Structures are given as structure tokens and as C-alpha cells.
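Engineer: sequence and predicted model, in that order:
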Amino acid sequence: MATTTTSLGGGGEDRVLATAQQIVRSLNTPKEVREDMLMIFSSFDNRLSNITDLVKSSDEEDLHRFEAAEKVILRWDASLSGEASRQSTSIFDSPDDAGEYFSAVDEIIQWIEQISISSSGENNQILVDRAENAIQLAMLRLEDELRHVLSRNTVPLDAERLRGSVRRISLSFSSTDGLIGENLESFGEVSDGGSQRFHERDASLDGDVLVDLIHPDAVMELKEIADRMIRSGYERECLQVYSSVRRDALDECLVILGVEKESIEEIHTVAWTPLDVKMKNWVQAMKIAVRVLLTGEKRLCNSIFGELDEIKEICFNETAKGCVMRLLNFGEAIAIIKRSAEKLFRILDMYEALNDVMPELEKMVLDEFVISDAKGVLNGLGEAAKGSFADIETRIRTDDPTKTANTGDVHPMPRYVLNYLKLLVDYGEPADSLIQFSEEDLILFENNYSGDRSYLETMSPFGRSILFVISELECNLDEKSKLYEDPGMRYIFMMNNIYYIVQKVKESDLRKVLGDDWIRKRRGQIRQNATAYLRASWTKALSCLKDEGIGVSTGNASKMALKERFKNFNACFEEIYRTQTAWKVPDAQLREELRISISEKVIPAYRSFVGRFSGQLESGRNAGKYIKYSPEDLENYLLDLFEGSPCVLHHIRRKST
């Protein structure tokens, strides 16, 4: 030992003393034990005897720092600060104040850690009580500061900014709104316009959609507060304040997006037009909530709580739960609402929106109850879509067969159904996975509509359902055509409606579903109906222009017979003109083709008949009474047919030549 002592120089002595002092202090032992240890050190080397004075001085310095920190805490406490209050004054009003306060809290935390090991001694217990009181006051202050910083630094988000964060997320309803009405008992409320789709497809997010929910400068302040509260054992209070403020902020965002807090009963009492708006808002809000708001909340939690994985997960889930459940509550209400065809598109929009964000939702939200509820709502919306689609089949079957236009025009029902299907086919995969074709439908298709099973087997389930609906529509139209007493009008009606169906199929994605063979067959049906119309409407008039029965074989036709023929032809033509100018063929091309077909059959026959026999009548009196029209007159009059405006020919006698 003597050798060791001799070898120590001045610097070595200082190091020994410092080491001994550190050993004593690091043990956090009670005062009595420390004194015993100091005596042991002194027995080794008399130069260590003065360590007692050093340690006592260190203890006094620690106590001094504690009291200074305590003073800072008490000064900021509202009950001891006179006019000042936690609500009106913030430690962050001054960077120096914030630094001083956090240093004071750190000192108190460190002091508690040092003295908590030993609770023996009356003086120690007094200090413990003082430290705990100081830290409690500090935590009350930091709770208020946390609430204040969160509220003051929440970034204002308006509807335009929220919607603008998602590319093409705004739905386009400008030309299709009103296409599907609520009361469609006679299918008469449906507009036949608008080339835009019911909604924009492939609504997606830009590459990195980052919306600051809290001003970035405040994140460090929040982190400083959270760190002290968690180190002090106040993590529960920290999470409660944080999640409460952020929940309210997310609720406000949903209100901005048009998603109010409503019960299922309240939602079910909303009329269709405002409900339609609410459903559109929900589709947007679901995408924005998951991909913008919750993503931002997740990023914010990570920034504030850092490596504390369990705490930040609990905090995020508590914050996100209210927002998600409000959205799911509305979705559940729609899933169990009364089924109707006009709701299908909105329900499909909702189904698709929730289905699209479900993987992200499951990844972010670890609350099993919330995810289970979301999956239940998704399944419910799928079932609602199936039920709503079935409603259109029911409407076709139950539509009043006595309601037909007296003009032979396109019936409102195919207008409704085809516009409906044109919009529906745009949904692609969601509709294909939801709307199925049952075996019962297949049997009905084969038996009632002479359907080809092999043809159906080449189509998707959704395609089969579309074909089935159109087949039902065609069958229904055929039944309606039988209500017309005039056979010619019956064929005009069928020609108009089949032509309309074909045109709608050709100009939409329905063509891909039904195929060109289906279109060719319907074109054949259009020609068949046009031919049947010519036969039904013009056979009687054309029979007046035949030679049989007027004595042509004798060389001179009977004038009496000729007069009767011209008289009968005139009467037939005038009756056709009177009735069929009131009939309507709305498509200009089809109307022109039909007039040409009539002209090709009637005009040559009339011109030939007049050319052969007019001379035998024109030499007599009142020839104009029988040959009232020239072939050119007839051609001009044919241009008046199928305009939907009834006309009457004025019997103006042509002068005899």
C-alpha cells in the first residue's frame, strides 16, 4: 500500500478522489451507509479523508438544484402565480421560459430517481413528498400545455384542400345527376342524356400525399412535453389529452367533408335527394380519411412518440377510432336501408371506396373490433348492391303493361334500363364480383327466352346478369306491343325499341359484354319488324294498284273499276297518312330508311298504275276526283310520316288536263 501511495502524484490524487466520490454517489445509498463507506475509503489512504467534505458539498449542490427547479415549477403553477393562469400564459411564449421549465422538470425527475431508492429518514421522506408534489404540478401544467399546443397549432383544413389532396377524387355527376330518380314507377323520370360516367373511375392518390395536420414547428414542442410526461409516469394522461384533441380535429374534418354525426335511425329518415348527396360525400370522405387524415395522424404519432411503439400505437388507435367508426356507422345504415335500383350506383361507389382502402386501414388500425366492423360493413354493402340490382329485374317484371305510348315511340322502360346498365357496366370488377347469375336464372333464361347456354358460359357472371335483364326487357316489350290494335303500329313499336337498345349497346361498354353476334341478331329483328310493318300497313293500298279485276285482259279496263281502284287507293293512303303522321320514329336515320323502304314499294307501283290507266279517266269528267295525287305528291307526303304530329290531307282537286 505504501508503494501505491508513493507512486501517486498530484494529478493521480485528484483522480483517486474523483473516482471515490463517483463511486459513493453512484450507489444512491442512504446517508448513513455513505458515511460508513467514506470511513472505509479513509482507512486505505489518509488523503481520501477529505472525500467526506466533498460528498457533503455535492449533496448540498444537488439540494440547491432541486430547490431551484422546484421554484420554477411553483412559479408557473396557476394557484401561486396571481393573475397568471395556465390558460392565458404558455411556457412556449418564450423559448427561454420553455427551456428553463423543461430543465426544471428534468431536474425533478432526476432527483426523484436518486432519492426514491432510499425512503429511510425523515428528511428524505420530506424531500420525496416535495419532489412528488412538484412533479404533479408540472404534469398538470404540461397537460394544459399539450392541449394548448395541439389546439393552437392544428392546421386549418377546408373542403377544397382536403379534396385537392386526392387526384381525381371529386365525383363527376354534372350530366348524370337525376339520371336515376327515386320514383320510377313508370320509368318516365329518366333522362336520356349525358355521356359522362356516373363517377370518375380509378380515383387515386398522388404519389406522396402529405398534409400537415399540425404546424411542423410545434411537433418538437409536443415531443418535449410527451417525453417528460411519459418519463414521469403520466403516459395515460398524456395519451388521453392527445387523443381527445386529435379526435375532435378529425371530427371537424369529417364535418367539412359532409359526414355528420347521425344515428342509423336518422339516416333512414332522410329523403333520397339529400341522402344521395350524403352518400357521395361519404365516398370522398372515406378515401380522404384513410389516405390523408389517418396517414397524417400516423406520421404525427411517430414523430411525437418516437421509439415508444406500444404507446404510439395505443395513441393512434384511440385517435383514429372515432373517425373510422363514424364513417362505418353511415356505411352500416346504407347497407341495411330499403333496397331500390336507383341506390345501386351509390352503394357500389361506397363498396368500392371501402374495399380500396381496406388494406391500408388494416395496416394502420390494429383495433380488431374496428377492423371487424369495417369488414362487416363491406359485406353489408355488397349484399345491398345485390339486392338493389335485383330491384331492376322486379321493376321490369311488374311494370304496368297497359302503359304504352299511342305514337309507337320508344317506351320509357328501355330508356331507363339501358341508361342504368350503361352506367353499371362501368363498375367492372366490383359489379362482377357482387352481382351473380344464379342457376334459377339460367333455367329461366333457357326456357322463357330461348337462351343459348353455351353462349352464356363464355360470359362473366355480371355479363350473364346484364344479358338476362335485357332479355327480360325484350320479352316485356313484346308483351306490350300486343296492346296495339293496329299491327303496323305494333311493328313500329318493336322496331323503335329494339333499335334504341342496339344503339345504346353499340355506343357503350355493353358492346364488349354482349358481343357483336348479339348486335347482328337484333339488327335482323329490326329488319324483320320493318318488313312486317310494310306488309301490315301497305298491302291493302298496294292491292288497289294491281291489274286483276279491272278487265285489262279485254284490252280496255273498266272505267268503273278504275275509278273504284283509285278511290280505294286514295282512301287507304289518306288513312295511313292521317294515322301514321301521328306515329313516331325518333331516330332520324331509322325514320329516313323506313320512308325509303315505303317509297321503293309504293311509288313505282303507283307511277306504273297511273301511267297505264290515267288516260282512260282523264278524258272524262271529274278525273281529278280519282287521280288526286301525282307520284311526286305521294313522295312528298311520305316525308310527313312518323313525325309524331297527326296531319290530314286536304282534298284539293287537280285540274283535268
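Structural biologist: It's in.
Engineer: okay, CA-based contacts and neighbour counts for the rest of this
Structural biologist: Will do.
Engineer: residue 313 falls within a helix, correct?
Structural biologist: Yes - Residue 313: assigned to a helix according to DSSP: H, G, I helix; E, B strand; the rest coil.
Engineer: residue closest to the middle of the chain?
Structural biologist: Centroid-nearest residue in the chain: residue 283, 3.0 Å away (criterion: C-alpha atoms, centre = their mean).
Engineer: where does the protein have low pLDDT?
Structural biologist: Applying pLDDT under 70 to the chain flags the ranges 1-59, 78-88, 116-124, 158-211, 436-454, 551-557, 618-624, 650-657.
Engineer: could you redo the last one with a cut-off of 50?
Structural biologist: For the chain, the stretches with pLDDT under 50 are 1-10, 24, 27-28, 51-52, 54-55, 79-86, 167-208, 652-657.
Engineer: show me the domain layout of it.
Structural biologist: For the chain, the structural domains run 2-152, 159-397, 399-535, 544-638, going by automatic domain parsing.
Engineer: got TSV for those domains, with distance to residue 649 too?
Structural biologist: Putting those into TSV (distance: least, C-alpha to C-alpha, whole Å) gives the following:
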stretch	distance to residue 649
domain 2-152	83
domain 159-397	33
domain 399-535	19
domain 544-638	6
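Engineer: ok, back up a step: helix or strand for the residue nearest to the centre of the chain, which one?
Structural biologist: Applying DSSP states H and E as the criterion places residue 283 in helix 272-288.
Engineer: what's the helix or strand following that helix in contact with?
Structural biologist: Downstream of helix 272-288, the first helix or strand assigned by DSSP H and E is helix 295-305. By C-alpha atoms under 8 Å, 6 or more residues apart in numbering, the surrounding residues in contact with helix 295-305 are 210-214, 219-220, 222-223, 226-227, 311-312, 315-316, 320, 364.
Engineer: just the ones in strands from the residues you listed, please.
Structural biologist: Among the contacts of helix 295-305, no member falls in strands (DSSP state E).
Engineer: buried only: go through these for me.
Structural biologist: Neighbour counting with 16 or more other C-alpha atoms under 10 Å marks 211-214, 219, 222-223, 226-227, 311-312, 315-316, 320, 364 as buried within the contacts of helix 295-305.
Engineer: which one of those residues is nearest residue 577?
Structural biologist: Minimum separation from residue 577 among the buried ones among the contacts of helix 295-305 (C-alpha to C-alpha) is found for residue 211, which lies at 70.1 Å.
Engineer: contact partners for residue 139?
Structural biologist: Taking C-alpha under 8 Å, 6+ apart as the test, what residue 139 contacts is 229, 234.
Engineer: ok so, going back, among the buried ones among the contacts of helix 295-305, which ones are in helices?
Structural biologist: Within the buried ones among the contacts of helix 295-305, residues falling in helices by DSSP state H are 219, 222, 223, 226, 227, 311, 312, 315, 316, 320, 364.
Engineer: tell me the two of the residues you listed that are most distant?
Structural biologist: Across those (C-alpha to C-alpha), the longest gap, 23.2 Å, separates 227 and 364.
Engineer: the nearest residue to residue 361 once chain neighbours are set aside and residue 323, how far apart?
Structural biologist: Excluding its sequence neighbours, the residue lying closest to residue 361 (C-alpha to C-alpha, 6 or more residues apart in numbering) is residue 290, at 6.5 Å. For residue 290, the distance to residue 323 equals 10 Å [C-alpha to C-alpha, to the nearest Å].
Engineer: cool, and residue 549?
Structural biologist: On the measure of C-alpha to C-alpha, residue 549 and residue 323 end up 90 Å apart.
Engineer: one more: residue 411?
Structural biologist: Distance, residue 411 to residue 323, by C-alpha to C-alpha: 47 Å.
Engineer: what is the neighbour count of the spatially closest residue to residue 345 that is not a sequence neighbour?
Structural biologist: Nearest residue to residue 345, sequence neighbours excluded (C-alpha to C-alpha, 6+ apart): residue 424, at 7.1 Å. Residues lying near residue 424 (other C-alpha atoms under 10 Å) number 21.
Engineer: quick one: the strands in the stretch 451-600 of the chain?
Structural biologist: In the stretch 451-600 of the chain, no strands are found when defined by DSSP state E, counting those that start in this stretch.
Engineer: name the residues of stretch 325-341 that are buried.
Structural biologist: Judged by neighbour count (16+ other C-alpha under 10 Å), stretch 325-341 contains these buried residues: 326-335, 337, 339-341.
Engineer: ok, now stretch 89-104?
Structural biologist: Buried residues in stretch 89-104, defined by neighbour count with 16+ other C-alpha under 10 Å: 90, 91, 98, 100, 101, 102, 104.
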